[in-house]
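*Asks:* Could you work out the structure for the sequence below:
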Amino acid sequence: MSIQDLPEELRTKDIFHHIDMGFVNRRLCMTALGREGREYYAEHASPGDDHFSRLHNDHLLVTMLEDHCEYYSAPTLLEALESGGARTVFRSTEKLTACPEIYDAMHVEHAVELPLDYGMPVVISYHTNHVVSDTGRMTLAEGSRKNYVQSIIGLLHKEPDRYRIEPMVIGAPWLDHPRNGEDNGALMFFGRDHGEVLPEDIEQFSALKDVAVAGVDEWQEVMSRMPEKAVKEAIASLLLEPSKKDWGGESDDHFSGNVVVGKRRRTAAFLLKGPTNFREMTLEMMGKRADQLVRLTKTDAEIYVVQHSHLIGDAVRTTLRALSIQPGGTKKKYCLIDGLATYRLLKAYGKLDVFADVAGI
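*Replies:* As a prediction, the model looks like this:
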């Protein structure tokens, strides 16, 4: 199953990103919330000590922590590492190596599998008595080799020979939350994918879904010679906006306040890559430690759009999601427009003819 299996209405819906906790260090969570947060929790927590009372209280505590992180704009793990990683509270969804020791050991450590190299290993370290569910224990034991991902809120420490994460909460990205309404059954199993919108979900680009392409040669022949400037001008014109001039150090190639997704106007930042490197997009094409993606997601936009003249590799998708979609967030989304989708977009709106002479096609 993938995000394409969801109808557009659910793909584009603003969803509260919750964590289905498998691990909760309640003391650390309470410390992070501060005095007012602890008082609120005490007033609203269930007084019982049965399973359902504990479950209710843990969901309340985690939701409060997510709101706290959202209010203070807590960074992702990649952003925290980029800034130096010195005792930073972060929130993001990551892949962890398998940790079968979790069934027997009182304290465990395992590696975080990152797409970028920060010069030292990044490990997550915790006491197993804070594991609160059998499912959480199993997913941590089996790790990414069984395709599990974990949403984490934690404290990042920089040590002489490594970065160490002290987790507050670990669990599956989860969308089954009262804030998302009662009709969220279809979303229940899409926690790890939700947040991506398809190019055709942008109202101004929607006609591309009706364009058929005969084969790979048709679009590659055109996109291998289509200048980045032409794509930028086409996108700007479809949004009824002027195309801005390039300048060194920019965070994005185009910024729009008129992108319509889910019947609502939103802000969007675009990163465009032309055919200079006409091959599948990799993180190495995004600058040192993918700094272009990092800068893109630091802009004050609701949607981050990455466009390339060729295919877009999975590492780029994974990194863009990790930088965009955070526990506690509701509105941030990301979109990938590869060479095939770009060709269909240009063809759908008659832009191929407009730029054919410029591109020499």
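
*Asks:* Please make it C-alpha for all contacts and neighbour counts, starting now.
*Replies:* OK.

*Asks:* I'd like the distance between residue 244 and residue 250.
*Replies:* Note on residue 244: its distance to residue 250, by Cα to Cα, to the nearest Å, is 11 Å.

*Asks:* What of residue 301?
*Replies:* Plainly put, residue 301 is 14 Å away from residue 250 if you go by Cα to Cα.

*Asks:* Which residue of those two possesses the greater neighbour count?
*Replies:* When residue 301 is set against residue 250 and neighbours are counted by other Cα atoms under 10 Å, the residue ahead is residue 301, at 20 against 11.

*Asks:* pretty sure that one is in a helix, no?
*Replies:* No: under DSSP: H, G, I helix; E, B strand; the rest coil, residue 301 falls outside any helix and is assigned coil.

*Asks:* Can you report how many residues neighbour residue 28?
*Replies:* Using other Cα under 10 Å, the number of residues around residue 28 comes to 15.

*Asks:* actually residue 63, not the one I wrote
*Replies:* The criterion is other Cα under 10 Å. On that basis, residue 63 has 19 neighbouring residues.

*Asks:* what's the answer for residue 258, then?
*Replies:* Other residues within reach of residue 258, judged by other Cα under 10 Å, total 15.

*Asks:* which residues does the nearest residue to it once chain neighbours are set aside contact?
*Replies:* In space, and not counting its chain neighbours, residue 258 is closest to residue 265: 5.6 Å by Cα to Cα, 6 or more residues apart in numbering. If a contact means Cα atoms under 8 Å, 6 or more residues apart in numbering, then residue 265 has 257, 258, 259 as its contacts.

*Asks:* what about the helices in the stretch 1-150 of the chain?
*Replies:* With DSSP state H, counting those that start in this stretch, the ranges of helices along the stretch 1-150 of the chain come out as 8-11, 26-44, 51-71, 77-82, 134-142.

*Asks:* Can you say which of those is packed in most?
*Replies:* Each of those was scored by mean neighbour count; the highest is helix 77-82, a mean of 21, by mean count of other Cα atoms under 10 Å.

*Asks:* coming back round to it: redo the contacts of residue 265 as a markdown table? Include pLDDT.
*Replies:* What follows is the contacts of residue 265, written out as a markdown table (pLDDT from 0 to 100):
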| residue | pLDDT |
| --- | --- |
| 257 | 95 |
| 258 | 95 |
| 259 | 97 |
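
*Asks:* Redo those residues as TSV? Include distance to residue 53 and secondary structure.
*Replies:* TSV is the format used below for the contacts of residue 265 (distance: Cα to Cα, whole Å; DSSP: H, G, I helix; E, B strand; the rest coil):
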residue	distance to residue 53	secondary structure
257	44	strand
258	45	strand
259	44	strand
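
*Asks:* May I ask which helix or strand encompasses the most centrally placed residue in the chain?
*Replies:* For the chain, the residue sitting closest to the mean C-alpha position, by Cα atoms, centre = their mean, is residue 321 at 2.3 Å. Following DSSP states H and E, one finds residue 321 within helix 314-324.

*Asks:* what comes up buried for stretch 114-126?
*Replies:* Within stretch 114-126, the residues that qualify as buried by neighbour count (16 or more other Cα atoms under 10 Å) are 114, 122, 123, 124, 126.

*Asks:* which ones are touching the last one?
*Replies:* Read it as residue 126. Residue 126 makes contact with 107, 108, 109, 166, 167, according to Cα under 8 Å, 6+ apart.

*Asks:* try residue 258
*Replies:* Applying Cα under 8 Å, 6+ apart to residue 258 gives the contacts 239, 265, 266, 267, 268.
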